[in-house]
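A.B. asks: Return a 3D structure for these sequence lines:
(one chain, ligands or ions: 2)
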Amino acid sequence: MTALVDALGDTLRQWLPAQRWFAAKDSVVERVSAVRAHVLRDADPILVHTVVAVDLGAETQHYQLLLGLRPSLPEHLAHASIGCHEGMAVYDAAHDAEMLSLLLGLIASDSLVGELRFAAEPGVRLDPDLRPRPVLAEQSNTSVVYGQQYILKLFRRVSPGDNPDVSLHRALHSVDSEHIATPLGSVRAPLLGVDTDLVFLQEFLPAAADGWPMATASVRDLLAGTGGDAARVGGDFAAESFRLGQTVAALHADLRTALGETVTESGHAAELAATMHRRLDHALARAPELGRYEADIRAVYDRVAGAPGPMRVQRIHADLHLGQALRTPARWVVIDFEGEPAASRQDRETPCSPLRDVAGMLRSFDYAANHLLVGCAPAGGLHEQARLWTERNRTAFCDGYADLAEDPRADSALLDAFELDKAVYEVAYERTHRPTWVGIPLAAVDRLLGTQP
Ligand SMILES: Nc1ncnc2c1ncn2[C@@H]1O[C@H](COP(=O)(O)OP(=O)(O)O)[C@@H](O)[C@H]1O
Ligand SMILES: O=P(O)(O)O[C@H]1O[C@H](CO)[C@@H](O[C@H]2O[C@H](CO)[C@@H](O)[C@H](O)[C@H]2O)[C@H](O)[C@H]1O
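C.D. replies: Residues are numbered from 1 along each chain as shown. Ligands and ions are numbered 1, 2, ... in the order given. Coordinates of the predicted model:
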């Protein structure tokens, strides 16, 4: 079956860069070849599971695909078309309900197909007959909801080893954390000789609202009003921001209980600063507009390196933002512990100060307030109202965090440096994925450095 995927190499070379989850949009794809391929179903429609190596010249990335083959593509799958092979239509089967049912059935029955290990979590009994519905939102991975009970995530870019989304969910579940969805199953297989997470199944929270649309609705209310202040207009979000701050503090405590905490040697600050410098190098290569800030940004990181004394580090979420928080009727739940899609596995797994997560969420309040103003002239009342909304909700979030843990503002130099590090990452992220939004993190870089745009 690897021969089939290799034969499709040129077609995949064209198709991959157009996918939202493809991480290397700024590179030229030189070659696509199969690392592994397994037939999961060999009758019409045929289903092939594959991991492909994408040769980008300077590096090779790996992606997971579910390829469907049919004599012809029905209308409802036209949008999933990839190309043709020997008279068969080849398509992205992650959009095909029939194939997605098969996938759940394999997990429910703890199947082994070649080296692919499908398994329910210990003690979990799954209903294989629930109807699948692909989640249409464009994300870093591809998700499918089964009957409002389970949500399955097919990791797209894969790297050898455990995926923190799976391992951190399991660790948090082992200490009965209230702030996650229950893990239900997984698919694993060796990649480059290392056992690797490919798929994660978890409890679907049907009555949950995503924090991003909740927060942006509040901003829209404020901006559409007649100049009221953020505390008094309808749709004030500050009480939710406070609860979210409490939730993140509780989650950090659960992560410490499950996986421990280390008080580092005093040299840790220098290592942390070196990581920030490396992340800046990576962003500069992708976003030349950061060049004029480079010296000032490096000076902030150098001050981090000079911080005396040890630091408390632990496993953290590592890509926390409003879209990773779901509000159920009872509480906030945090999802997607995979870390930043562009970060290395080592960066995702290295214990870090929890202030990094706090900074991620602070950046998100800034995004929520300002994305509605993309394209508006920079001066004027709307920007001032957006600024006030941001400040109100950032303060409420930190107050909530401080209610259950040490106040994150106590080390404001480190918190600001983490915020700058995140804004730098975001400039490169937006340059690749949403170029019209690049001004949002760039304005934050200006604010954090005290420079003028
Ligand atoms: N347990 C869950 N219950 C309900 N909805 C969920 C759950 N997990 C994820 N989602 C929804 O699926 C979307 C994608 O999930 P996420 O883990 O962020 O994927 P990605 O890794 O692709 O960014 C989220 O924005 C959220 O709307
Ligand atoms: O959710 P992902 O793991 O895919 O995270 C990536 O994409 C996020 C955007 O979807 C991106 O977040 C940035 O945009 C958000 C608004 O869409 C904003 O709330 C975040 O603060 C901002 O960082 C995230 O950085 C990226 O890793």
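
A.B. asks: Show me how far the helix or strand bottoming out on mean pLDDT in the chain is from its chain's centre.
C.D. replies: Every helix and strand of the chain was ranked by mean pLDDT, DSSP states H and E. The lowest is helix 2-7, at a mean of 81. Computed by Cα atoms, centre = their mean, to the nearest Å, the chain-centroid distance of helix 2-7 equals 30 Å.

A.B. asks: who does that helix touch, helix- and strand-wise?
C.D. replies: strand 31-41, strand 46-55 (3 or more Cβ pairs under 8 Å, 6 or more residues apart in numbering; DSSP states H and E). No exception for glycine: its C-beta is placed from N, CA and C like everyone else's.

A.B. asks: now, of those, which is deepest in the fold?
C.D. replies: Highest mean neighbour count among these (mean count of other Cβ atoms under 10 Å): strand 46-55, with a mean of 22.

A.B. asks: Any idea how many residues pack against residue 72?
C.D. replies: 8 (other Cβ atoms under 10 Å).

A.B. asks: what's the answer for residue 24, then?
C.D. replies: Residue 24: 18 neighbours (other Cβ under 10 Å).

A.B. asks: possible to save the helices and strands packed on helix 2-7 as TSV with mean pLDDT and distance to residue 16?
C.D. replies: Converted to TSV, the helices and strands packed on helix 2-7 look like this (pLDDT from 0 to 100; distance: least, Cβ to Cβ, whole Å):
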stretch	mean pLDDT	distance to residue 16
strand 31-41	95	7
strand 46-55	97	6
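
A.B. asks: mind showing which ranges of the protein have poor pLDDT?
C.D. replies: 138, 226-234, 378-380, 452-453 (pLDDT under 70).

A.B. asks: just so I have it, where are all the helices in it?
C.D. replies: Taking DSSP state H as the test, the helices found in the chain are 2-7, 9-15, 97-108, 164-174, 211-224, 238-259, 268-286, 294-305, 345-349, 355-370, 381-404, 412-433, 439-449.

A.B. asks: Close to ligand 1: what parts of the protein are there?
C.D. replies: Within the chain, the positions near ligand 1 by Cβ under 6 Å from any ligand atom are 135, 137, 139-141, 143, 151, 153, 181, 202-205, 208, 210, 323, 326, 335-336, 338.

A.B. asks: Next one: residue 27 from residue 16, what distance?
C.D. replies: Applying Cβ to Cβ, to the nearest Å, the value for residue 27 to residue 16 is 11 Å.

A.B. asks: For those two, work out which one has more neighbours and name it.
C.D. replies: Each of residue 27 and residue 16 has its neighbours counted (other Cβ under 10 Å); residue 16 has more, 21 against 17.

A.B. asks: Provide a list of residues in contact with that one.
C.D. replies: For residue 16, the contact set (Cβ atoms under 8 Å, 6 or more residues apart in numbering) comprises 22, 29, 32, 54, 63.

A.B. asks: Provide a list of residues in contact with the fourth one.
C.D. replies: Neighbouring residues of residue 54 by Cβ under 8 Å, 6+ apart: 16, 24, 29, 31-32, 60-63.

A.B. asks: Across the sheet, point out what pairs with it.
C.D. replies: Beta-bridge partners recorded for residue 54 (DSSP bridges): residue 32, residue 61.

A.B. asks: What distance do you get for it to ligand 2?
C.D. replies: From residue 54 over to ligand 2 the distance is 19 Å, taken as Cβ to the nearest ligand atom, to the nearest Å.

A.B. asks: who touches the closest residue to ligand 1 within the chain in this structure?
C.D. replies: Nearest residue of the chain to ligand 1: residue 139, at 2.9 Å (Cβ to the nearest ligand atom). Residues near residue 139 by Cβ under 8 Å, 6+ apart: 20-21.

A.B. asks: What's the local residue count around the closest residue to residue 244 other than its chain neighbours?
C.D. replies: Spatially, and ignoring its direct neighbours in sequence, residue 244 is nearest to residue 332 (5.3 Å; Cβ to Cβ, 6 or more residues apart in numbering). Residue crowding around residue 332 was assessed by other Cβ under 10 Å; the count is 22.

A.B. asks: so residue 332 makes contact with residue 211?
C.D. replies: Yes: the criterion here is Cβ atoms under 8 Å, and residue 332 meets it with residue 211 at 7.5 Å.

A.B. asks: Can you work out which residues contact both of these two?
C.D. replies: Common neighbours of residue 332 and residue 211, using Cβ under 8 Å, 6+ apart, are 240, 244, 325-326.

A.B. asks: Kindly present those as CSV, with separate columns for neighbour count.
C.D. replies: Formatted as CSV, those follow (neighbours: other Cβ atoms under 10 Å):
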residue, neighbour count
240, 22
244, 28
325, 28
326, 20
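
A.B. asks: from those residues, which is closest to residue 88?
C.D. replies: Nearest to residue 88 among the shared contacts of residue 332 and residue 211, counting by Cβ to Cβ, is residue 326 at 39.6 Å.

A.B. asks: What separation is there between that closest one and residue 249?
C.D. replies: 17 Å.

A.B. asks: what's the answer for residue 74, then?
C.D. replies: As judged by Cβ to Cβ, residue 74 and residue 249 stand 50 Å apart.

A.B. asks: more neighbours, these two?
C.D. replies: Ranked by neighbour count (other Cβ under 10 Å), residue 74 and residue 249 place residue 249 first, with 21 against 11.

A.B. asks: Pull the contacting residues for the more buried one.
C.D. replies: So residue 249 contacts 400-405 (Cβ under 8 Å, 6+ apart).

A.B. asks: and the residue of the stretch 1-150 of the chain found nearest ligand 2, how many neighbours?
C.D. replies: Residue of the stretch 1-150 of the chain nearest ligand 2, by Cβ to the nearest ligand atom: residue 140 (3.5 Å). Using other Cβ under 10 Å, residue 140 has 19 other residues around it.

A.B. asks: these two touch, right, it and residue 21?
C.D. replies: Yes: counting by Cβ under 8 Å, residue 21 is a contact partner of residue 140 at 5.5 Å.

A.B. asks: where do the contact lists of those two overlap?
C.D. replies: Counting by Cβ under 8 Å, 6+ apart, the shared contacts of residue 140 and residue 21 are 156-157.

A.B. asks: so how far is residue 255 from residue 347?
C.D. replies: For residue 347 relative to residue 255 (Cβ to Cβ), the value is 17 Å.

A.B. asks: Looking at those two, which one has more neighbours?
C.D. replies: The neighbour comparison of residue 347 against residue 255 (other Cβ under 10 Å) goes to residue 255, with 24 against 16.

A.B. asks: Alright, calling it a day.
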